[in-house]
Every structure is written in C-alpha cells, then in structure tokens.
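Enquirer: turn this into a structure:
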Amino acid sequence: MESTKEQLIADIENLLNRYGEIKPTHINPELLQFMDRQTLLSIIESILRQQEKTNESNIEWLEQFKQY
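Expert: You can find the predicted model right below:
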C-alpha cells in the first residue's frame with residue numbers, strides 16, 4: 001500500500017520530533033504539497049541517514065567511557 005503525501009508529511013514530522021528535548025516541529029502540509037511523492041521519500045531517507053550517523057557518533061563517544 002502506497003503512503004499518501006499527507007502520511008509522508010506526517011512521517012517527516014514524526015521523525016523530526018523523535019527527541020523530546022527539542023521544541024516540536026510542525027510542518028504546514030500546504031508548504032509541501034508541491035513536492036512529489038519521490039521527493040518526500042527522499043527527505044525521509046535523508047533524515048534517517050542523518051539520525052543513523054548521529055547514533056553511530058554517540059556510540060563511539062560512549063565507548064571511550066567503557067571500563068575494561
């Protein structure tokens with residue numbers, strides 16, 4: 001089942017709001033309506049890649065405190 005553009009926009013919002021410490025992001029769907037489905041999917045993939053890199057960096061940072 002294909003996601004609608006509205007669902008993809010909601011998914012982008014949810015990804016951006018994953019971390020509770022920051023002010024919530026609200027996207028006006030009218031601003032993104034001109035984007036096609038592929039562009040919205042590309043935004044989601046980019047956010048996920050960036051979050052993955054951040055997680056890897058956090059793990060590396062935490063590793064230095066590990067006691068052997």
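Enquirer: now do the helices in this structure.
Expert: Remark: helices assigned in the chain by DSSP state H are 5-16, 29-32, 37-63.
Enquirer: pick the most deeply packed of the ones you listed.
Expert: Using mean count of other CB atoms under 10 Å, the stretch among these with the largest mean neighbour count is helix 5-16, at a mean of 16. Every C-beta, even on glycine, is put in place using the N, C-alpha and C of the backbone.
Enquirer: would you mind writing the CA trace of the helix or strand of the chain at the bottom of the mean pLDDT ranking as CSV?
Expert: Lowest on mean pLDDT, DSSP states H and E among the helices and strands of the chain sits helix 29-32, with a mean of 74. Presented in CSV, the C-alpha positions along helix 29-32 are these (Å, rounded to 0.1, in the frame of the first residue of the first chain):
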residue,chain,number,x,y,z
PRO,A,29,1.2,20.5,4.7
GLU,A,30,0.3,23.2,2.2
LEU,A,31,4.0,24.1,2.1
LEU,A,32,5.0,20.6,0.9
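Enquirer: what are the contacting residues of that helix?
Expert: 5-6, 9, 12, 40 (CB atoms under 8 Å, 6 or more residues apart in numbering).
Enquirer: 10 Å instead?
Expert: Here helix 29-32 makes contact (CB atoms under 10 Å, 6 or more residues apart in numbering) with 5-6, 8-10, 12-13, 39-40, 43.
Enquirer: how near is residue 57 to residue 47?
Expert: For residue 57, the distance to residue 47 (CB to CB, to the nearest Å) stands at 16 Å.
Enquirer: now do residue 56
Expert: Residue 56 is 15 Å from residue 47, by CB to CB.
Enquirer: residue 25: how many residues sit nearby?
Expert: 11 (other CB atoms under 10 Å).
Enquirer: shaky segments in this structure?
Expert: 1-2, 20-21, 32, 67-68 (pLDDT under 70).
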